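could you work out the structure for the sequence below:
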Amino acid sequence: MRNKRNISTFIGCESSYDEAKIVLFGVPFDGTTSFRPGTRFAMQAIRQDSYGLETYSPYLNKDLEEQAIFDGGDLELPLGNTAKTMNQILEYTEEVLQDGKKFLMVGGEHLVSLPTIQAAYEKYPDLHLIHIDAHTDLRHDYLGEKLSHASVIRRCHEFLGDGRIFQFGIRSGLKEEFEWAKEHTYLEAFSLDTLKDKIRELQDVPVYITIDLDVLDPGIFPGTGTPEPGGITYRELLVAINRLQELNQIVAADVVELSPPYDASGASTAIACKTVRELLLTLAD
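Next up is the predicted model:
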């Protein structure tokens, strides 16, 4: 049940479902991961390690304890059935939005963003997508499979269409993906430099934010399934999240692709925890 109280919560997210304005939930799925699996364990590690954080963000001057946030736990998903998994995520997210709440979803691999973005689009037909990632994720399919983490943004384009997808930090993909993006998405390669300009353009429209943590350089964030050298610093990501405060209609967000088993130091999980905190506070009024 979506409103069942979670025994183990992310720090500061202890409101009941009914009183909450924001719902946090995990999606432990990495069924189409093409290189190194393990993102299904992300939210469990993030909850546990969140108690090494303060609830207060000095970057945003906001505190989780002053917000009404419900941690709904992790969704229970079927093994070995990707299509059914996507449908269950969609149904859960639709109910949260129908109840007038915003949400932050934590993956899981990036494919789990597809149904949550779709649910947001169903409620907000003028939805625009800000996509921060190392990878284009614009393949038509991956090894013949259209439901793949490598094609998630291409699937989103099928309902969002041209002029609605804004991609930043991209530094990996097929040549044909970069060529396709020239006609169908806004894509800034290698950096987040133009994000501030696009935020001004999107200031008053509904926006969904999806952050694949492999946008960070693997030298500081090795705990991910598809590490890609040449990434941004965490400070750059924090600056970007701070700039998102200028948007007037952030309706939902997600953070994906932490894979805790690949960073025994815990540094990657600590980064993911802080990112979750900052995005929860970004969603807050």
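
next one: the residue lying closest to Asp212 once chain neighbours are set aside relative to Gly100, how far apart?
Distances taken as CB to CB, 6 or more residues apart in numbering place Asp133 nearest to Asp212, at 3.9 Å, with adjacent residues excluded. Any C-beta I mention is one placed from the backbone N, CA and C, and that applies to glycine too. For Asp133, the distance to Gly100 equals 29 Å [CB to CB, to the nearest Å].

among those two, which residue is more densely surrounded?
Neighbour totals were compared for Asp133 and Gly100, and Asp133 leads with 25 against 8 (other CB atoms under 10 Å).

strands of the stretch 151-285 of the chain, start to end?
Ranges of strands in the stretch 151-285 of the chain, per DSSP state E, counting those that start in this stretch, are 165-170, 186-189, 207-212, 250-256.

dump those strands to TSV, plus distance to Ile153.
Output for the strands of the stretch 151-285 of the chain, formatted as TSV (distance: least, CB to CB, whole Å):
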stretch	distance to Ile153
strand 165-170	6
strand 186-189	10
strand 207-212	8
strand 250-256	12
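
with mean neighbour count, distance to Pro229 and mean pLDDT added, can I get these in JSON lines?
What follows is the strands of the stretch 151-285 of the chain, written out as JSON lines (neighbours: other CB atoms under 10 Å; distance: least, CB to CB, whole Å; pLDDT from 0 to 100):
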{"stretch": "strand 165-170", "mean neighbour count": "24", "distance to Pro229": "13", "mean pLDDT": "98"}
{"stretch": "strand 186-189", "mean neighbour count": "18", "distance to Pro229": "14", "mean pLDDT": "98"}
{"stretch": "strand 207-212", "mean neighbour count": "26", "distance to Pro229": "15", "mean pLDDT": "98"}
{"stretch": "strand 250-256", "mean neighbour count": "24", "distance to Pro229": "20", "mean pLDDT": "98"}
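
mind checking which of these is nearest His157?
strand 165-170 (6.1 Å; CB to CB).

list the helices and strands the closest one packs on?
strand 128-132, helix 152-160, strand 186-189 (3 or more CB pairs under 8 Å, 6 or more residues apart in numbering; DSSP states H and E).

each with direction, which strands does it pair with?
strand 128-132 (parallel), strand 186-189 (parallel) (DSSP bridges).

okay, that strand in PDB with CA atoms only?
Output of strand 165-170 as PDB, limited to C-alpha atoms (Å, rounded to 0.1, in the frame of the first residue of the first chain):
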ATOM      1  CA  ILE A 165      13.700  17.300 -23.500                       C
ATOM      2  CA  PHE A 166      16.800  19.200 -22.300                       C
ATOM      3  CA  GLN A 167      20.000  17.100 -21.800                       C
ATOM      4  CA  PHE A 168      23.100  18.100 -19.900                       C
ATOM      5  CA  GLY A 169      26.500  16.600 -19.200                       C
ATOM      6  CA  ILE A 170      26.300  14.100 -22.000                       C
END
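
which other residues reach it?
Contact partners of strand 165-170, identified using CB atoms under 8 Å, 6 or more residues apart in numbering, comprise 128-136, 153, 156-157, 181, 184-192, 194-195, 198, 202, 215, 231-232, 240.

what's the angle between it and strand 207-212?
30 degrees (axes from the mean of the first three to the mean of the last three CA atoms, to 10 degrees).
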